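Visitor: okay, sequence plus prediction incoming.
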Amino acid sequence: MFGKPFVRTLISRSAENRTDRRRFLKAAGAAGLGVVGATYLGVQATSSASATSEAAAAPSDAAVLNFALNLEYLEAEFYSFAVYGHGLPDDLTGGVGTQGGVAGGKKVMFHDKALHQFAKEIAGDEVAHVKFLRGALGEAAVSRPQIDLKDSFTAAAKAAGLISGYQQFDPFANEKNFLLAAFLFEDVGVTAYKGAAPLITNKTFLDAAAGILAAEAYHAATIRTSLFDRDLGDAAAKISNARDALDGPGDDDQGIVLGNQANIVPTDNNGVCFGRGADRVLNVVYLNPGPVKEGGFFPKGVNGDIVASGGA
């Protein structure tokens, strides 16, 4: 039979805020944290030790959602500055962990009305994602970490070969730069949610993450299409290659042109998109292929339990 520590582990992993925890306890009939039957979830009592070990080793749902929240802070700040000339309001930046400021960021002078509308819609979605994740996490939500929207883009552009020497890359200088910067973020966001989905145990949270993944995929397709329409395939390919060089072995990342044809949806031969583990996502946003805990767009690292990038 499962003991109290294992039950507590299940509860904490299945529901990380108070409301969902109460609902879980009520539904499971475990309000008193009594003994759970040996056939709970179809697992035999003899497997309790290994199940406890696995549960302890795997990141909690809160850890996964907080990792996603860090990325949403980054995207929300980028798009908010691009569209409105300012970042997130103070009431959406506090929480657990060290709160940081935002370096760089300014309003983009859009000339293409359609692109301006696209950017405005995406900005609204990203801010909504921040609000939603903070609401779902409640008091467990991490604060916005320090974010660099200035020097990090120059470093990324140099790594990709878009600029050289003492040149600077300003993602807010014009529509072309904005789209290339957005391309860097959006594709990473999609692969991050794809990679995180199997780690989420609470079905309500999983459904929410799937919904955000769908939104991010729409955003990525919009950015990729806009780049393709402007014949920016070569520049996008350089960014794609840079991401591949950062996130470990393999060549899964794809540009917007494949075999002289549009490649708006980067899939494998089965029409399936790939995902990145959290450590590989951090390799990209830290702009470092090694095992580090800070750098790039997050100079002081991200907040939460998932903070380290992967190694070679």
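Guide: Okay, I see it.
Visitor: from the contact counts, what lies against the lengthiest helix in the chain?
Guide: Scanning the chain for the longest helix, with DSSP state H as the assignment, gives helix 203-229. Counting by 3 or more Cβ pairs under 8 Å, 6 or more residues apart in numbering; DSSP states H and E, the packing neighbours recorded for helix 203-229 are helix 61-84, helix 113-137, helix 175-196, helix 233-246. Where C-beta positions appear, they are placed from N, C-alpha and C, glycine not excepted.
Visitor: which one of those lies nearest to residue 297?
Guide: Evaluated over these, closeness to residue 297 peaks at helix 61-84, with 5.8 Å, by Cβ to Cβ.
Visitor: show me which positions of the closest one end up buried.
Guide: Neighbour-count burial for helix 61-84 flags 61-83 (criterion: 16 or more other Cβ atoms under 10 Å).
Visitor: what does stretch 165-182 give?
Guide: 169, 170, 171, 172, 175, 177, 178, 179, 180, 181, 182.
Visitor: OK, contacts around the first one?
Guide: Which is residue 169. By Cβ atoms under 8 Å, 6 or more residues apart in numbering, the contact list for residue 169 reads 153, 154, 156, 157, 158, 162, 163, 177.
Visitor: nearest to residue 90 among these?
Guide: For the contacts of residue 169, the nearest to residue 90 is residue 153 (24.4 Å; Cβ to Cβ).
Visitor: and the closest one, how many neighbours?
Guide: 26 (other Cβ atoms under 10 Å).
Visitor: tell me the pLDDT at it?
Guide: With respect to pLDDT, residue 153 scores 97.
Visitor: before we move on, the earlier item: farthest pair within the contacts of residue 169?
Guide: 158 and 177 (13.9 Å).
Visitor: re the thing from before, ok, so of the buried residues of stretch 165-182, who is nearest residue 126?
Guide: For the buried residues of stretch 165-182, the minimum distance to residue 126 (Cβ to Cβ) is 10.7 Å, reached by residue 182.
Visitor: thinking residue 144 is in contact with residue 99, fair?
Guide: Yes: taking Cβ atoms under 8 Å as the definition, residue 144 is a contact partner of residue 99 at 6.0 Å.
Visitor: between these two, which contacts overlap?
Guide: residue 93.
Visitor: and these two? Which one has more around it.
Guide: With neighbours defined as other Cβ under 10 Å, residue 144 and residue 99 compare such that residue 144 has more, 28 against 15.
Visitor: give me the distance between the nearest residue to the more buried one once chain neighbours are set aside and residue 77.
Guide: Distances taken as Cβ to Cβ, 6 or more residues apart in numbering put residue 93 closest to residue 144, at 4.1 Å, once the chain neighbours are dropped. Relative to residue 77, residue 93 is positioned 9 Å away (Cβ to Cβ, to the nearest Å).
Visitor: any residues in contact with both of those two?
Guide: Shared contacts of residue 93 and residue 77, defined by Cβ under 8 Å, 6+ apart, comprise residue 144.
Visitor: give the rounded mean pLDDT of stretch 253-272.
Guide: When pLDDT is averaged over stretch 253-272, the result is 94.
Visitor: so which bits of it are buried?
Guide: Result for stretch 253-272 [16+ other Cβ under 10 Å]: buried residues 253, 254, 255, 256, 257, 263, 264, 266.
Visitor: wait, doesn't the fifth one sit right on residue 233?
Guide: Yes: Residue 257 sits in contact with residue 233 when judged by Cβ under 8 Å, with a separation of 3.8 Å.
Visitor: report the buried residues of the longest helix of the chain.
Guide: 205-206, 208-209, 212-213, 215-217, 219-220, 222-224, 226-228.
Visitor: that older thread, pull the most distant pair out of the buried residues of stretch 253-272.
Guide: 253 and 264 (14.5 Å).
Visitor: how far does stretch 154-165 stretch from start to finish?
Guide: Distance across stretch 154-165, first residue to last, is 11 Å (Cα to Cα, to the nearest Å).
Visitor: neighbouring contacts of that stretch?
Guide: In contact with stretch 154-165 (Cβ under 8 Å, 6+ apart) are residues 167-169, 180, 184, 235, 238-239, 241-242, 245-246, 287, 296.
Visitor: go on, stretch 240-254?
Guide: 156, 159-161, 184, 187-188, 255, 263, 266, 268, 274, 276, 280-281, 283-284, 287-289, 310, 312.
Visitor: mind checking which of those are buried?
Guide: 156, 159-160, 184, 187-188, 255, 263, 266, 276, 280-281, 283-284, 287-289, 310.
Visitor: can you name the residues that contact the nearest residue to residue 173 once chain neighbours are set aside?
Guide: Leaving aside its chain neighbours, residue 173 sits nearest to residue 108 (7.9 Å; criterion: Cβ to Cβ, 6+ apart). Counting by Cβ under 8 Å, 6+ apart, residue 108 touches 82, 83, 119, 172, 173, 174, 175, 178.
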